[in-house]
Structure formats: structure tokens, C-alpha cells
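Visitor: Structure for the following, please:
(chains A and B)
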2 protein chains.
Amino acid sequence: MSVIHAGETEGKGRGGRHPGGIVLGIDPGTTGMGYALLDRSTDPPAIRACGIIPTPVAASAADRLVAIADAIDELIAVHGPATLALERLYFNKNARTAMRVAEARGVALLCAARAGLAIAEYTPQEVKLSVTGTGSADKQQVMRMLGLVLALERPIAQDNVADAVAIALTHAQRSRLEAAVALAARRA
Amino acid sequence: MSVIHAGETEGKGRGGRHPGGIVLGIDPGTTGMGYALLDRSTDPPAIRACGIIPTPVAASAADRLVAIADAIDELIAVHGPATLALERLYFNKNARTAMRVAEARGVALLCAARAGLAIAEYTPQEVKLSVTGTGSADKQQVMRMLGLVLALERPIAQDNVADAVAIALTHAQRSRLEAAVALAARRA
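Guide: Numbers count the residues shown, from 1 in each chain, chains lettered A, B, ... in the order given. As a prediction, the model looks like this:
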């Protein structure tokens, strides 16, 4: 397996989950892509796997993208997520870095779309608001809230991984809220 | 075929060409990706196919990237190019546009690397210098020189296509020069 696992929890078997319960959250960076597979069929949602897809600086841009695509294809094949959740494009960073991240983002979108996943995009503010209750939370607040909401035994140490978990959780919370609203509307 | 052909020339059969003689040049844009397949085994090099891979603005980013990847995969399968030639990352355009182009660029690099193609990158200045003899040439000069150098019966009308042909020609000229220098060095 070409991914480094920061943590992995054994699944409880597919029987207990509703289909499409898994969200793949990713956070593309320049030296690695954080990922998280979050099972939203449990309460609280359970991290099935998370970690970093390493993208060594020494490799060519093309080799780096192949490593990312191979790893995402494998994560999708193994865990069967229904949705890819990732941050909307942002524009305020170093231009060269932003372009490299956009290349990786394009590859991730391609892998997900070819495998039939839905795509969900959220702004950084939406993620912070959803996870912590405030759109201006800092990284430490986000990490602390992830630990509380997901009842983690240990905090997530790596930024990219925490961001990937946060965006997957944002989608899990949003889709649960939307389902509840739709159910209430049908009953009204 | 999911690509619009601006022009296509029937190949002369694989027998007459040395293996790896074909260069795939691409020019990713926001509404379409220009491509050109240039056979550098003839003198002048011959355009085997060129055109636009359309990427409709209405489609989602992911669907747009799938269309690009499918078309590039097909062009590689049909024409068997040895090298993908494209412009180096540039940073001076509108940020949102640049990011969308970078996503498409990432997908193109992935398709090429997975198919085992070599990757060749040139700056816009290198392309202009190689095609016209001056790094400050304008689009009209580039198009005129393409017509002359490649002995085209009709000029190439679309910007993206002309840029794709120009970058493929740049690689053809560079690699021919490098081969000649290497041969001379062996003889010396």
C-alpha cells in the first residue's frame, strides 16, 4: 500500500452500515495529501482510516501525481466511499504552491468522478464553522473539537490529516442535517 | 471520439516511422484543451491530428476533468506518442482561471505518466524562440511561422490548437538538435 496510515480502525463489517455511509475527505498539500475515511452511519461518525499520501519533493510533478492517483484509487477500492469531500479552490497562497496543489486536486477529482463518487466542496470557513461552531477558529481549536466530537483517544497530530478529517466531518454533519430536514418536510 | 478535430492527416503507416516519433503537444485552457500530434520522423514534421478537447463551462469541474482524461487516454491509445510536451506552470493570469488550468494540467500529466510517456516542459519564451527565432514574437507571428515550417496548406485558426502545435514543434526541434549534437560528439 502506497499510503502512510496515521491511524486505522477495523470496520464493524458492512452489514451494520447503510450503503454510501463513508466519506473520503482529502487535504492536498505540497509535500503530502492528507486523507480520512469517515463512516457517518455511526454516532459519532467513526474514522475508518486516515493518514498521508506522501508526495516526495524529489519526484517529478508527473510521478507525484501518479502516486496520488494510485493511492486514491486504492483507498476508494478498499473502503468504497460514496462521496469525496474537499476544500473549494483557494487563491491566497504562494502562486507556485497553489498551482501544484491545484494539479493534485484535479487528479483527486478525476479519480473520484471516474469511480462514481459524489463531490462535495466546502470553504475553509464552512469547515471551521461546522466543526467548532465559529468560522474564525484556529487550527488548535479545530483539532481539539475533532477529538471531542469524534471521541478520539488520541488527538490527530498532522495538519493535513486533521484537515482531511475536518472536511469529511463537515460533509457528514451537513448531509445528516439535510436528511433530517428532508424527513421533517415529508412529515409536515 | 470525444474530441473535436480541427484537422487530421492520414498516417503513412507505422513502418516508415521510427518508434517514439510522435509528440503530443497540449495547451490547457478554461473552455477547451488544444492538442496536436506531431510526427517528428518526417522533415518537416507532420501534424497527424490536432484539435480541441471541449470542456463545457456548464459541466462540473470533475466532469470536465473526466472529459479531458478520457480524450487524452484515447489520443495516446490511437496515436502512441512517446512524449507529452506542455508549457511550464505560469502564474501571471487570473487566479481562478490559473487554478482551473492547473487542475487540467495535473490530469494531463497523470494520463501521460501512467501511459509511460516522457514529459517535456517549455516556457512560453522558449516556444516563441524555437518557432519564430525570437522570444518576444506575438501570436500572429507564431501562427505564420507554424504554417511555413510545417508547410501547412491552411493556417491553424484556433489559439489553443496553434499553441499545442507550437509546443510539440518546439520539442521536435529541441530533440532533433540534441540528437545531432550527441551524434557529433560521438564522431568527434
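
Visitor: Could you tell me how far residue A:133 is located from residue A:164?
Guide: 20 Å (C-beta to C-beta, to the nearest Å). C-beta: built from backbone N, CA, C; applies to glycine.

Visitor: Which elements pack onto the top helix by length along chain A?
Guide: Determined from DSSP state H, the single longest helix within chain A is helix A:159-187. If you count contacts as 3 or more C-beta pairs under 8 Å, 6 or more residues apart in numbering or on different chains; DSSP states H and E, helix A:159-187 packs onto strand A:22-28, strand A:32-39, strand A:46-54, strand A:83-87, strand A:118-122, helix A:124-132, helix A:139-149.

Visitor: coming back round to it: neighbour count for residue A:133 and residue A:164, which is higher?
Guide: Legend: neighbour count by other C-beta atoms under 10 Å in any protein chain shown for residue A:133 and residue A:164, higher for residue A:164 (33 against 10).

Visitor: which residues does residue A:151 contact?
Guide: residue A:44 (C-beta atoms under 8 Å, 6 or more residues apart in numbering or on different chains).

Visitor: Look up the pLDDT of it for me, please.
Guide: At residue A:151, the pLDDT value in this model is 94.

Visitor: Now stretch A:50-59: average pLDDT?
Guide: On average, stretch A:50-59 scores 85.

Visitor: Pull out the buried positions in it.
Guide: Going by neighbour count (16 or more other C-beta atoms under 10 Å in any protein chain shown), the buried part of stretch A:50-59 is A:50, A:51, A:52, A:53, A:54, A:55.

Visitor: got it, and stretch A:119-131?
Guide: A:119, A:120, A:121, A:122, A:126, A:127, A:128, A:129, A:130, A:131.

Visitor: filter these by proximity to chain B?
Guide: Among the buried residues of stretch A:119-131, the residues within reach of chain B (C-beta under 8 Å from any C-beta of the partner chain) are residue A:119.

Visitor: which residues are there in chain A that come within reach of chain B?
Guide: So chain A meets chain B at A:60-63, A:65-66, A:69, A:89, A:91, A:95-96, A:98-100, A:102-107, A:109-110, A:112-114, A:119 (C-beta under 8 Å from any C-beta).

Visitor: give me that answer again for 6 Å
Guide: For chain A, the residues in contact with chain B (C-beta under 6 Å from any C-beta of the partner chain) are A:61-62, A:65-66, A:69, A:89, A:91, A:95, A:99, A:102-103, A:105-107, A:109-110, A:113-114, A:119.

Visitor: if I look at residue A:151, how far off is residue B:27?
Guide: Separation of residue A:151 from residue B:27 (C-beta to C-beta): 51 Å.

Visitor: Same check on residue A:182?
Guide: Counting by C-beta to C-beta, the gap from residue A:182 to residue B:27 is 45 Å.

Visitor: So for those two, which sits in the more crowded spot?
Guide: residue B:27 (25 against 10).

Visitor: residue contacts, the more buried one?
Guide: Listed by C-beta atoms under 6 Å, 6 or more residues apart in numbering or on different chains, the contact set of residue B:27 reads B:34, B:160, B:163, B:164.

Visitor: can you put those residues in TSV and add distance to residue B:137 and pLDDT?
Guide: Below are the contacts of residue B:27 laid out as TSV (distance: C-beta to C-beta, whole Å; pLDDT from 0 to 100):
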residue	distance to residue B:137	pLDDT
B:34	18	96
B:160	17	91
B:163	12	95
B:164	17	97
